[in-house]
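> need a 3D model of the following:
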Amino acid sequence: MAKPPDPAVPRLTDMSEGEAAALVRRLLDELSGRGTHQAFAELLGLVAYAGESVGNAARTLAASSSWSEVGQVSGTSKQAAWERWRS
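Down below sits the predicted model:
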């Protein structure tokens, strides 16, 4: 039988983007501070996953808004954003 959710623990879907990002930073800080082989390996995997996620987010934002918006958020031109994250 599934354990009921702990009301003291916020659900990810209830967090703002800033709160979710802060949680990710805390977790990354925890892993990087452990100094173990396994933590380092996990961080390397997370770097690759984060890169893929940034590309997915860029394409999703472009689809719902524009590549100009992606460029503005990322501090690049529309063309540079499109070239970097189009696929």
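> which element is the closest residue to P10 other than its chain neighbours on?
Leaving aside its sequence neighbours, P10 sits nearest to E19 (CB to CB, 6 or more residues apart in numbering; 7.5 Å). In this view, the C-beta of every residue, glycine as well, is placed from N, C-alpha and C. Per DSSP states H and E, E19 falls inside helix 17-34.
> what packs against that helix?
Under the contact definition 3 or more CB pairs under 8 Å, 6 or more residues apart in numbering; DSSP states H and E, helix 17-34 sits against helix 37-64.
> buried set for the helix it packs on?
58-59, 61-62 (16 or more other CB atoms under 10 Å).
> need the residues you listed in JSON lines with pLDDT, can you?
Formatted as JSON lines, the buried residues of helix 37-64 follow (pLDDT from 0 to 100):
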{"residue": "A58", "pLDDT": "98"}
{"residue": "R59", "pLDDT": "98"}
{"residue": "L61", "pLDDT": "98"}
{"residue": "A62", "pLDDT": "98"}
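> between these, which is closest to T13?
L61 (19.1 Å; CB to CB).
> can you pull the contacts of that closest one?
Applying CB atoms under 8 Å, 6 or more residues apart in numbering, we find L61 in contact with 69-70, 73.
> swap the cut-off to 10 Å and go again
With contact set as CB atoms under 10 Å, 6 or more residues apart in numbering, L61 has these partners: 67, 69-70, 73-74, 81, 85.
> just to revisit the earlier point, burial check on the residue nearest to P10, number of neighbours?
12 (other CB atoms under 10 Å).
> that one and R11 touch, don't they?
No. Contact criterion CB atoms under 10 Å: E19 and R11 do not qualify, at 11.0 Å.
> quick revisit: the residue nearest to P10 and K3, how far apart?
23 Å (CB to CB, to the nearest Å).
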